[in-house]
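got a predicted structure here, sequence first:
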Amino acid sequence: MVVYAQAIETKDGRVMNIGWDVVDVPPIKDGTFEFITRWVRAVGLHPAGHRHICYANAAFYHAVASTVPDAVEWRIAGDWARAYQLRREAYFWRHGRAIAREVDVLLSVYRPPLVWKGKSISIVLDCTKELFPTVRSLKAYTMAKLRDFGARRSGRWLAISEWTRQDAIRLRGYAPERIRSAGIPAPDIAELSTMLNPPESLQHIAGQRYAFYCSAISMRKNHPRLIRAWRRAFPNRDVLLVLAGRELPGIHPEIREEIAAAERDGVVRYLGLVSDAEREYLYAGADFVVYPSLYEGFGMPILEALQHSKPVLTSSGSATEEVGGDAVLLCNPADEEDMVSQLRRIASDEALRSRLREAIPERLKRYSLEHVASELHAGIDYLAGLA
């Protein structure tokens, strides 16, 4: 067992071996990949005396290992480029007994493997399917039911925000005493781009006043309502709306039509999926950032914008309100009139933007690697101690 200098004792007086099950997380830069990477980095920098063992597919390992401290041990579960549920189940079927001897508790995204018989904690990302039910294929329906069954079987849950924790209690009936929350660290400021000149792909935006919305394209992200509000808030087209993000499967035709029409009118510039360097340049050059999603389990782009000291307009009534606190301006994402009003405010009121910027440093302290690692260990220690 590895014991670090910061060693603390758990309730039963010993150091824990904590397993991180990310076997089926592919190295695709979406929200799940980002938050898992940041959590593992946080506990690697601040292990709190525990031993952290990460079970991952080879593609995930190669994508993140260079940024994660050596305090995290790795176990490679397979050499595939994209992970699949059946491979994950097969890995734990073959190695489950050895893993159970190696770890005291296993943390899994959504649910633990169905064959796992040891102590486990399920990570809760959001309650989207309860709030935004959709028509699912038989495969998607079956996977959702398996996730529900596995998560309930674990009987311990760790949510990525307090808002999501409360949603899980209210919508899924989880026992309040069996679910805890921990935030997600803000990106390391040292990783952010400091380029002065725009990438060649963004030359056409250089010199324009614009606001940035970085998000996957879907109805839940509220793009149609935002574009309609944008037309009304800036009829002279003096502020451009720049959208970046991939289209999610099954995208509604209305979204494509709204974006295409706004592009023809010079209201919007849609860039699709952008590189890390392009994304950081867009944040750095934006006049302000918008994130009016109808629902989020956390809202990591808000932290990215705050790290760039950018004023943010985001949604009330979701975890985005919790993450932004007094460092963001809120609007009702379902009320177009309110969105128009708040867009005009954040674009024209320099005193307001200055107040928001002044609140950013204090807000970001809550999402430092050290603070989040402390929240994580407190939640894991508590949950692992439950019968």
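Now that the structure is in, tell me what you want to look at.

what segments of the stretch 151-300 of the chain are helices?
162-172, 223-233, 253-264, 276-285, 300-307 (DSSP state H, counting those that start in this stretch).

run through who's touching stretch 244-259.
By Cβ atoms under 8 Å, 6 or more residues apart in numbering, the residues outside stretch 244-259 that reach it are 134, 212-219, 221, 223-224, 227-228, 243, 268, 270-274, 278-279, 282. Glycine gets a C-beta too; all of them are placed from N, C-alpha and C.

now do it: distance to the chain's middle.
Relative to the centre of its chain, stretch 244-259 is centred 20 Å away, using Cα atoms, centre = their mean, to the nearest Å.

got it, and stretch 249-264?
For stretch 249-264 - counting by Cα atoms, centre = their mean - the centre lies 24 Å from the chain centre.

pull out the buried residues from that stretch.
255, 258-259, 262 (16 or more other Cβ atoms under 10 Å).

ok, now stretch 227-234?
Judged by neighbour count using 16+ other Cβ under 10 Å, the buried positions of stretch 227-234 are 227-231, 233-234.

report the rounded mean pLDDT for it.
Across stretch 227-234, the average pLDDT comes to 95.

give me the neighbour count for Trp93.
By the criterion of other Cβ atoms under 10 Å, Trp93 has 13 neighbours.

quick check: closest non-adjacent residue to Glu336.
Distances taken as Cβ to Cβ, 6 or more residues apart in numbering place Ala229 nearest to Glu336, at 5.2 Å, with adjacent residues excluded.

and that neighbour, how far from Tyr283?
21 Å (Cβ to Cβ, to the nearest Å).

Cys54 too?
From Cys54 to Tyr283 the distance is 29 Å (Cβ to Cβ).

so which of those two has more stuff around it?
Cys54 (26 against 21).

bridged to the more buried one, which residues?
On the basis of DSSP bridges, Cys54 is bridged to Trp20, Trp74.

now the strands for this structure?
In the chain, the strands defined using DSSP state E lie at 17-22, 51-56, 72-76, 105-109, 120-124, 157-159, 179-181, 210-214, 240-244, 268-270, 288-291, 312-315, 329-331.

so Leu86 versus His52, what's the distance?
When distance is defined by Cβ to Cβ, Leu86 is 26 Å away from His52.

comparing those two, which residue is more hemmed in?
His52 (24 against 9).

coming back round to it: now render the helices of the stretch 151-300 of the chain as JSON lines, adding distance to Lys119.
Compiled in JSON lines, the helices of the stretch 151-300 of the chain are given as follows (distance: least, Cβ to Cβ, whole Å):
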{"stretch": "helix 162-172", "distance to Lys119": "19"}
{"stretch": "helix 223-233", "distance to Lys119": "42"}
{"stretch": "helix 253-264", "distance to Lys119": "43"}
{"stretch": "helix 276-285", "distance to Lys119": "37"}
{"stretch": "helix 300-307", "distance to Lys119": "29"}
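
so which of those gets nearest Glu73?
Proximity to Glu73, assessed across the helices of the stretch 151-300 of the chain by Cβ to Cβ, is greatest for helix 300-307 (26.2 Å).

give me the distance between the closest one and the centre of its chain.
Worked out by Cα atoms, centre = their mean, helix 300-307 lies 11 Å from the chain centre.

neighbouring contacts of that helix?
So helix 300-307 is in contact with 31, 34-35, 184, 186-187, 189, 192, 212, 214-215, 283, 286, 289, 291, 312, 314, 320, 323-324, 327-328, 360, 363-364, 367, going by Cβ under 8 Å, 6+ apart.

contact partners for the closest residue to Val109 other than its chain neighbours?
Nearest residue to Val109, sequence neighbours excluded (Cβ to Cβ, 6+ apart): Ile123, at 5.0 Å. Shown in contact with Ile123 (Cβ under 8 Å, 6+ apart): 107-110, 157-160.

which one of these sits closest to Ala90?
Nearest to Ala90 out of the contacts of Ile123 is Ser108 (Cβ to Cβ; 15.4 Å).

and the gap between Val267 and Ala233?
Distance from Val267 to Ala233, by Cβ to Cβ: 10 Å.

Glu258 now?
15 Å.

ok now do Ala211, which residues does it touch?
So Ala211 contacts 239-242, 286-290, 347 (Cβ under 8 Å, 6+ apart).

at 6 Å instead, please
Ala211 is in contact with 241, 286-288, 290, counting by Cβ atoms under 6 Å, 6 or more residues apart in numbering.

neighbour-wise, which one of these leads?
Val290 (31 neighbours).

can you name the residues bridging to that residue?
Leu313.

that one reaches Tyr213, doesn't it?
Yes - shown here, Val290 and Tyr213 form a contact pair, counting by Cβ atoms under 6 Å, at 4.9 Å.

pull the residues that contact the least confident helix or strand in the chain by mean pLDDT.
Least confident helix or strand of the chain, by mean pLDDT, DSSP states H and E, is helix 138-154 with a mean of 79. By Cβ under 6 Å, 6+ apart, the surrounding residues in contact with helix 138-154 are 110-112, 120, 122.
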